[in-house]
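Visitor: need a structure here:
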Amino acid sequence: MKRESLEAYDAASALPSLPEVHRSVVVPAGAGFWRKLVAFSGPGFLVAVGYMDPGNWATDIAGGSEFEYRLIYVLLASNLMAILLQSLAARLGIVTARDLAQACRESYSRRVSLGLWVFAEIAIAACDLAEVIGSAIALNLLFHIPLLVGVCLTALDVLAILYLQHRGFRYLEVVVVTLIGTIGICYLLEILMVRPDAAGILRGFVFRMAEIQQAYHTLSPLLGAPLASLLFALALLCSGQNSTLTGTLAGQVVMEGFLDIRIAPWLRRLITRLVAIVPAIFTVALYGERGTARLLILSQVILSLQLSFAVFPLVKFTSDQRRMGQFVNPSWLRTVSWSVAGLIAGLNAYLLALML
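Guide: So this is what the prediction gives:
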């Protein structure tokens with residue numbers, strides 16, 4: 001990278017957030033392709049957890065039960081956009097040695113940075129809310145634990161996080177990979193059981209403007225089978241614990257990056273979990289299972305509305321020649337990135353208008 005592109009930011013003047021994370025990837029000199037792949041797979045799997053959040057399950061199941069395979073093109077498009085944005089986040093971190101929160105603190109005023117931090121914390125709390133409810137539902141399906149008790153039990157996961165972080169970050173990565181593997185096996189077995197319509201799936205990748213008629217998804221009768229319910233509950237529990245682990249790390253990075261302060265991981269986790277548990281307890285106590293399902297979907301709506309507050313700064317920073325030097329986004333990538341950012345903001349504005 002060009003030296004002059006770093007002078008304004010002085011990468012040596014600030015340590016990266018969560019240094020134990022940044023130190024976790026060590027590649028021996030002269031390592032081959034497969035050795036490098038293994039070294040970087042741990043952080044990659046941590047990022048992949050975002051696709052397995054219980055709230056995502058709720059929205060996917062709700063959409064599938066109403067529209068069957070007809071919205072698969074939406075999943076395809078959203079995943080492609082996620083890959084693009086994640087690659088931009090990696091580009092920013094690798095080139096500038098800054099995460100997005102640190103870059104925002106350095107570039108914006110104190111007031112703007114605080115506002116962005118608040119939005120980020122709301123998003124983390126919404127994600128944690130999905131983890132709380134998802135784990136409680138899984139405990140109910142597996143062990144018949146009442147939902148209200150299950151919600152309270154989720155507060156104990158802070159102990160597991162403390163233990164794993166004390167042992168070392170690589171242990172955390174191993175646990176995440178194991179949970180992802182368990183989820184993958186459960187997914188595969190359920191797919192084999194349901195035998196989805198291949199032709200219907202392929203047609204679902206095609207965008208159609210015609211009005212979508214309501215259909216009944218094959219997952220509903222499938223979950224009536226004992227084995228399918230067990231697999232679903234097990235995968236849901238693993239998903240909730242996975243998201244809990246990565247959510248704690250994200251919360252630490254966000255708080256340190258925006259505010260330049262750091263608190264103990266257990267305290268950070270406890271604060272975030274309490275923020276999520278309170279509305280979950282009230283919802284379960286007042287509305288039962290139906291209320292929890294709606295709260296899961298609401299958590300995803302909140303996350304969607306907060307997304308633009310991270311996407312626009314990310315695209316702006318990675319398109320800044322002075323900041324990125326020779327690794328700045330090329331013209332075609334800037335065009336695509338700003339188009340995706342505008343599309344996300346437009347869809348969220350439309351969603352907000354419908355809600356109001």
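
Visitor: what's the helix or strand hosting residue 341 in contact with?
Guide: Per DSSP states H and E, residue 341 falls inside helix 331-355. Helix 331-355 has contacts (Cβ atoms under 8 Å, 6 or more residues apart in numbering) with 81, 84-85, 88, 301, 304-305, 307-308, 311-312, 315, 318-319, 329. All C-beta spots, glycine's among them, are computed from the backbone N, C-alpha and C.

Visitor: among those residues, which one has the most neighbours?
Guide: residue 318 (26 neighbours; other Cβ atoms under 10 Å).

Visitor: surely that one touches residue 90?
Guide: No - Residue 318 sits out of contact with residue 90 when judged by Cβ atoms under 8 Å, with a separation of 9.8 Å.

Visitor: shared neighbours, the two?
Guide: Shared contacts of residue 318 and residue 90, defined by Cβ under 8 Å, 6+ apart, are absent.

Visitor: okay, now residue 269: neighbour count?
Guide: Residue 269, neighbours per other Cβ under 10 Å, totals 27.

Visitor: and it, how far from residue 87?
Guide: 29 Å (Cβ to Cβ, to the nearest Å).

Visitor: residues contacting residue 254?
Guide: 101, 117, 120, 121, 124.

Visitor: now render those residues as a markdown table, adding distance to residue 47.
Guide: Output for the contacts of residue 254, formatted as a markdown table (distance: Cβ to Cβ, whole Å):
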| residue | distance to residue 47 |
| --- | --- |
| 101 | 16 |
| 117 | 21 |
| 120 | 17 |
| 121 | 20 |
| 124 | 16 |
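
Visitor: any chance of these in CSV, with secondary structure and distance to residue 41 too?
Guide: Listed next are those as CSV, based on DSSP: H, G, I helix; E, B strand; the rest coil; distance: Cβ to Cβ, whole Å:
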residue, secondary structure, distance to residue 41
101, helix, 25
117, helix, 31
120, helix, 27
121, helix, 29
124, helix, 25
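
Visitor: of all the residues you listed, the one with the weakest confidence?
Guide: Ranked by pLDDT, the contacts of residue 254 bottom out at residue 124, which scores 84.

Visitor: now that one, nearest residue through space, not along the chain?
Guide: residue 251 (5.2 Å; Cβ to Cβ, 6 or more residues apart in numbering).

Visitor: now that neighbour: which helix or strand?
Guide: Residue 251 belongs to helix 226-259 when assigned by DSSP H and E.

Visitor: would you map the helices across the stretch 51-200 of the chain?
Guide: Ranges of helices in the stretch 51-200 of the chain, per DSSP state H, counting those that start in this stretch, are 54-67, 72-96, 100-107, 110-143, 147-153, 157-167, 169-194, 198-204.

Visitor: least reliable of those going by mean pLDDT?
Guide: Mean pLDDT per stretch puts helix 157-167 lowest among the helices of the stretch 51-200 of the chain, at a mean of 69.

Visitor: related to what we said a few turns ago, contacting residues for the residue nearest to residue 124?
Guide: 121, 124, 268, 269, 272.

Visitor: got a pLDDT number for it?
Guide: Residue 251 is given a pLDDT of 79.

Visitor: same thing with residue 208?
Guide: 62.

Visitor: please identify which helix or strand holds the nearest residue to residue 119 once chain neighbours are set aside.
Guide: Closest residue in space to residue 119, ignoring its immediate chain neighbours: residue 309 at 4.5 Å, by Cβ to Cβ, 6+ apart. Secondary structure from DSSP H and E places residue 309 in helix 265-318.

Visitor: and the next helix or strand after that helix, what does it pack against?
Guide: Following helix 265-318 in sequence order, the next helix or strand is helix 321-324 (DSSP H and E). Contacts defined by 3 or more Cβ pairs under 8 Å, 6 or more residues apart in numbering; DSSP states H and E place helix 321-324 against helix 4-7, helix 72-96, helix 265-318.
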